[in-house]
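> Got a sequence here, can you build the structure:
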Amino acid sequence: MSVYADGTIYKSEISMFSVFTGILSENVADTITEVISDNVEIVTWDVLVEYFHESLPTILDFLVKLIIAIIVLLVGRRIIRFVRKCFCRFLDKTNLDTGLKQFFDKFVGVALHFVLILIVLGHFGITASSVIAIIGSAGLSIGLALQGTLSNFAGGVLILMLRPFKVGDYIKEDTSGNEGRVQEIQLFYTKLVTLDNKVVVVPNANLTSSSLTNMTNQDRRRVDIKVGISYSADIREAKRVIETVLAGEQKRIEDEPYKIYVDELADSSVVIGTMTWVRTEDYYEVKWRLTENIKYALDENNIEIPFPQVTVTYAQQGENQ
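Sure, this is the predicted structure:
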């Protein structure tokens, strides 16, 4: 290619230069592509083989640790069950309350499982101090997340310390209206069994932060029954009939006198109230029986129990409007 003083180049020389450059570019590109492809294949295979050889001991070591950890976990759970059984036998020999025994049993179970988890983590190189440090550093977040759970745990401790109720008592939560016989006092919840054999789980925090009624804390309860009679009925006769029913109840406590009184002069009836003392375990049986027998006795003596009535009058219209 010739360049003249004015900087011009012949067209024929430019064409030859372009062709030569294109051929050279194509050859160089093909050569570079082949070299890169060969090198990539060789490098990829070599890297995989080398990585496998280098990682094989680590993988085998992890698998061995994992198998040992699973064995430790299974054996540890069996040991925990055995320890809890022995601990329960020890508690049965003491005079502790049933709820307290259940609480201690659950607490020991949770503590032993926590120790077992620390042992398994330690097998992988995670020490107990590291776990405690992590829990401590995340204490605020964990505390906020488990605020309700911690409140329930504190409520369980308060229940066992103050003993507002115990296992076997029949209680009613005044806030939500849940009621039943206490079956178990756990770390965070209390199980109630209703009269129709349903299980109600109530958080311990609810039982300690609101009022509740213990219906079986005392050995005797008073049965209150109220019945309305007509204003035209003889009050003295009605009281005599009801007194006969109360006196004939076999499960009433004889050293506690029953009472019959006029409770209210209502809009459509005279309300007569009764009070009878029975043993706590006989409360519902006596209440249901007395209510039924009082109704039978009033009916037999023609003493009316009024009830709401509606009188409908139809106006007769003439045939021809």
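> lowest-confidence helix or strand of this protein?
Sorted by mean pLDDT, DSSP states H and E, the helices and strands of the chain end with helix 139-145, the least confident at a mean of 59.
> helices and strands around the helix or strand following that helix, which ones?
Following helix 139-145 in sequence order, the next helix or strand is helix 147-162 (DSSP states H and E). In terms of contacts (3 or more C-beta pairs under 8 Å, 6 or more residues apart in numbering; DSSP states H and E), helix 147-162 is packed against helix 98-123, strand 179-185, strand 189-193, strand 199-203, helix 204-209. No exception for glycine: its C-beta is placed from N, CA and C like everyone else's.
> could you point out which element follows helix 147-162?
Downstream of helix 147-162 (by DSSP H and E), the next one is strand 170-173.
> Just give me the residue closest to the centre of the chain.
By C-alpha atoms, centre = their mean, the chain has its centre lying nearest to Val201, at 6.2 Å.
> OK, contacts around that residue?
Going by C-beta atoms under 8 Å, 6 or more residues apart in numbering, Val201 touches Tyr189, Thr190, Lys191, Leu192.
> What distance do you get for it to Glu179?
As for Val201, its distance to Glu179 is 13 Å (criterion: C-beta to C-beta, to the nearest Å).
> ditto for Leu91
In this view, Leu91 and Glu179 are 28 Å apart by C-beta to C-beta.
> how about the strands in this structure?
In the chain, the strands defined using DSSP state E lie at 170-173, 179-185, 189-193, 199-203, 212-214, 220-229, 259-265, 270-279.
> Packing partners of the third one?
I take that to be strand 189-193. Applying 3+ C-beta pairs under 8 Å, 6+ apart, one finds that strand 189-193 makes contact with helix 147-162, strand 179-185, strand 199-203, helix 204-209.
> which residues does Val201 bridge with?
Taking DSSP bridges as the rule, Val201 bridges to Lys191.
> cool, and Gly180?
For Gly180, the beta-bridge partners are Ile171 (DSSP bridges).
> Tell me who's in contact with it.
If a contact means C-beta under 8 Å, 6+ apart, then Gly180 has Tyr170, Ile171, Leu192, Val193, Thr194, Leu195, Lys198, Val200 as its contacts.
> pLDDT score assigned to the residue nearest to the last one when sequence neighbours are not counted?
Taking C-beta to C-beta, 6 or more residues apart in numbering as the measure, Val200 lies nearest to Leu192, with 4.3 Å between them; neighbours along the chain are not counted. With respect to pLDDT, Leu192 scores 93.
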